[in-house]
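Q: Sequence plus the predicted model coming up.
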Amino acid sequence: QMPLVESGGGLVQPGGSLRLSCAASGFTLDYYAIGWFRQAPGKARERVSCISSSDGSTYYADSVKGRFTISRHNAKNTGYLQMNSLKPEDTAVYFCAAGPGTCSWWDQGYGMDYWGKGTLVTVSS
């Protein structure tokens with residue numbers, strides 16, 4: 001049983017929207033920050049967004065700011081990434097991760113405790 005499972009990816013036209021989910025099992029997500037990363041073919045992994053566990057502070061990469069919204073529903077043990085105004089350059093496998101309460105590990109790119117296997121997002125007409 002994977003500790004984190006992403007869902008909600010798929011094929012969408014430019015300008016469209018998708019909502020990704022990150023469901024946790026075997027541990028309580030309440031105490032963890034939730035981060036999203038993505039990796040496009042042939043490119044390095046990049047950070048996308050993070051939400052802390054303590055005060056719900058949110059952080060975004062400049063490339064997605066104003067278009068993506070991260071949230072969490074602790075009662076459902078799930079995190080979300082709402083993606084609007086999608087562009088072809090958003091095409092990638094999106095991964096969620098969970099780490100210590102603040103988002104410093106997301107910013108640094110290491111130190112997370114759990115990873116998911118990813119979900120593919122394809123933005124194309």
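A: Perfect, I can see it now. Computed from a prediction, not measured in an experiment: that's the story for all the values here.
Q: and the residue at minimal distance from the centre of the chain, what element?
A: In the chain, the centroid-proximal residue (Cα atoms, centre = their mean) is residue 36; its distance is 2.6 Å. Using DSSP states H and E, residue 36 sits in strand 33-39.
Q: so where's the chain uncertain?
A: Along the chain, the parts satisfying pLDDT under 70 run over 1.
Q: if we go to 90?
A: Scanning the chain for pLDDT under 90 picks out 1-2, 54, 100-102, 104, 107-112.
Q: Residue 45 is in contact with residue 61, isn't it?
A: No. Contact criterion Cβ atoms under 8 Å: residue 45 and residue 61 do not qualify, at 11.7 Å. In short, each C-beta sits where N, CA and C put it, glycine included.
Q: So which residues of the protein form strands?
A: Secondary structure of the chain, counting by DSSP state E: strands at 4-7, 10-12, 18-24, 33-39, 46-51, 58-60, 68-73, 78-83, 92-99, 114-115, 119-123.
Q: thinking again about what came up before, now the residue nearest to the centre of the chain: closest residue in space, sequence neighbours ignored.
A: Distance criterion Cβ to Cβ, 6 or more residues apart in numbering; nearest residue to residue 36, sequence neighbours excluded, is residue 48 at 4.2 Å.
Q: What is the neighbour count of the one you found?
A: Residue 48: 25 surrounding residues under other Cβ atoms under 10 Å.
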